[in-house]
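S.K.: structure of the sequence below:
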Amino acid sequence: MTDPRLKEVSRYIDIDLQNDAELQQVLELASVFCKVPVVLVTLLDAETLHFKARKGLDMDTLTCDQYFCSYTIRQAGLMIVPDTLTDDRFKDSPLVVNGQVIRFYAGAPLITSNGLALGSLCILDVEPHALDATQELLLKTLANQVTKAMELSVRLAELARSEQEVEKQKEIIKEASIRLRSFFESSANLHVLLGRGGEVIDYNKTAYRFVKKIHKAKMKRGDLLLQYIAPSFVSTFLDRFHQALDGAKVIEEGSTDYGDAGIVWWEAYFDPAYNDDGEIIGVSYLVRDATERKIKEQKILEQNRSLLKIAHIQAHEYRGPLTTIMGLMNLIKEENYVAPLSYLQFMEQAIDMLDDKIRNVLSNIEEGVTK
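M.R.: Numbers count the residues shown, from 1 in each chain. This next block holds a predicted model:
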């Protein structure tokens, strides 16, 4: 919609003015002082004349090319037609010659504060009529009051819609915040949001409980997190923290001996924290406990080392039986595969010895895996 007037009219179309008690008093006043039976507050859009408030007429809209209102909104002052049958613009109009004949019309344009004519305050009669100066002034004044009342109604309605939208957005933000907080608090990882100075902005329960357990302190917003960092990790922590402030995402792995609490293996994640404008306002610091994984990894490494050691030792022990078997096979070949009984007995002994070695290796492997 490019026409500014039509765009402005669209703001008023859905406003209920017929049930506005003060506006009805204005219509009654115009009817009494101007001595007419019909008073209308109209809005004119591209195709339809809308009766937003009315007295003496039982219809809401009118579709006709020959609106009186279409002429009224083109001028700043009153438009008065004392006798429609003598006015070439309207004498052939269906509003004049059909049904309830309109013989008199007077209208004042409803001009908004931004200078756009929306429609009119008009009075009608079935007989020719004339207005004196006082009645003309009254009609202009009432039209001005109607315009102000309409603007107020629209602004109040738009304000109500805006407030509803604000409340809706607040509810959406609240629900999102609850979901985010729930996820934040339910995480098994230690999570702390830090300001650019390293101060604690927010933290989850896991972080609070860890600090309380290890450092016997109650972490609170505004604390410098550095006071809760192990001395051996301080230098690395500061380096990674400043890298994150420069926009980098950094991961650090390591372990810390907390004395009675034992050795804790961890993975630390440093991520830039951004505001809505894309500016880095701090660092998201997340620590995942990797102790269980590291213990399993070390166990696997120890098992592999044990297996390699066993294999190295047993490899030397296999050489004896294998050498015997290979030598006997060469002798049997030389005898054209007709072997004396003694050859076969020696081979059987070598095979039994090799079988014992293999069983011993398998037993050691199983024992190592079990450990």
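
S.K.: verify the stated contact: K294 with W265.
M.R.: Yes. In this structure K294 lies within contact range of W265 using CB atoms under 8 Å: 3.9 Å. C-beta coordinates here come from the backbone N, C-alpha and C atoms, glycine included.

S.K.: give me the common contacts of these two.
M.R.: Common contacts of K294 and W265 (CB atoms under 8 Å, 6 or more residues apart in numbering): S255.

S.K.: following element in sequence after the host helix or strand of L29, please.
M.R.: Using DSSP states H and E, L29 sits in helix 21-34. Per DSSP H and E, the first helix or strand lying C-terminal to helix 21-34 is strand 38-44.

S.K.: and that next one, what does it pack onto?
M.R.: helix 4-12, helix 21-34, strand 49-55, helix 69-72, strand 117-125 (3 or more CB pairs under 8 Å, 6 or more residues apart in numbering; DSSP states H and E).

S.K.: let me see the mean pLDDT of the longest strand belonging to the chain.
M.R.: Using DSSP state E to define each element, the chain has its longest strand at strand 263-274. The average pLDDT for strand 263-274 rounds to 92.

S.K.: show me what it is packed against.
M.R.: Taking 3+ CB pairs under 8 Å, 6+ apart as the contact cut, strand 263-274 packs with helix 234-245, strand 250-257, strand 280-289, helix 291-334.

S.K.: any idea how far the first one is from the chain center?
M.R.: In terms of CA atoms, centre = their mean, to the nearest Å, the centre of helix 234-245 is set 31 Å apart from its chain centre.

S.K.: same deal with the shortest one?
M.R.: The gap between where strand 250-257 is centred and where its chain is centred comes out at 34 Å by CA atoms, centre = their mean.

S.K.: which residues touch that strand?
M.R.: With contacts defined as CB under 8 Å, 6+ apart, strand 250-257 is touched by 230, 232-233, 236, 240, 243-244, 263-270, 290, 294.

S.K.: buried ones among the residues you listed?
M.R.: F233, R240, A244, V264, W265, W266, E267, A268, Y269, F270, A290, K294 (16 or more other CB atoms under 10 Å).

S.K.: okay if I get those residues as JSON lines plus distance to K174?
M.R.: Putting the buried ones among the contacts of strand 250-257 into JSON lines (distance: CB to CB, whole Å) gives the following:
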{"residue": "F233", "distance to K174": "38"}
{"residue": "R240", "distance to K174": "34"}
{"residue": "A244", "distance to K174": "29"}
{"residue": "V264", "distance to K174": "37"}
{"residue": "W265", "distance to K174": "39"}
{"residue": "W266", "distance to K174": "34"}
{"residue": "E267", "distance to K174": "33"}
{"residue": "A268", "distance to K174": "32"}
{"residue": "Y269", "distance to K174": "28"}
{"residue": "F270", "distance to K174": "30"}
{"residue": "A290", "distance to K174": "35"}
{"residue": "K294", "distance to K174": "41"}
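
S.K.: name the nearest of those residues relative to I123.
M.R.: A244 (74.5 Å; CB to CB).

S.K.: quick check, the closest one in contact with Y269.
M.R.: No. Taking contacts as CB under 8 Å, A244 lies outside contact range of Y269: 9.2 Å.

S.K.: joint contacts of these two?
M.R.: With CB under 8 Å, 6+ apart as the test, A244 and Y269 both reach V250, S284.

S.K.: of the buried ones among the contacts of strand 250-257, which is the nearest to K52?
M.R.: So of the buried ones among the contacts of strand 250-257, ranked by how close each gets to K52 (CB to CB), first place is A244, at 60.9 Å.

S.K.: find the nearest non-adjacent residue to that closest one, please.
M.R.: Excluding its sequence neighbours, the residue lying closest to A244 (CB to CB, 6 or more residues apart in numbering) is F270, at 4.0 Å.

S.K.: tell me what the one you found is bridged to.
M.R.: V250, Y285 (DSSP bridges).

S.K.: roughly how far does it sit from H215?
M.R.: When distance is defined by CB to CB, to the nearest Å, F270 is 21 Å away from H215.

S.K.: then E158?
M.R.: For E158, the distance to H215 (CB to CB) stands at 55 Å.

S.K.: and if you look at V9?
M.R.: V9 is 69 Å from H215, by CB to CB.

S.K.: cool, and L118?
M.R.: L118 is 70 Å from H215, by CB to CB.

S.K.: for these two, indicate the residue with more neighbours.
M.R.: Neighbours per residue, other CB atoms under 10 Å: of L118 and H215, the larger number sits with L118, 27 against 14.

S.K.: does the closest residue to the more buried one other than its chain neighbours lie in a helix or a strand, and which?
M.R.: Using CB to CB, 6+ apart and skipping the chain neighbours, the partner closest in space to L118 is L110 (4.9 Å). If you go by DSSP H and E, L110 is part of strand 104-111.

S.K.: can you give the distance of that strand from its chain's centre?
M.R.: So, by CA atoms, centre = their mean, the centroid of strand 104-111 is 50 Å from its chain's centroid.
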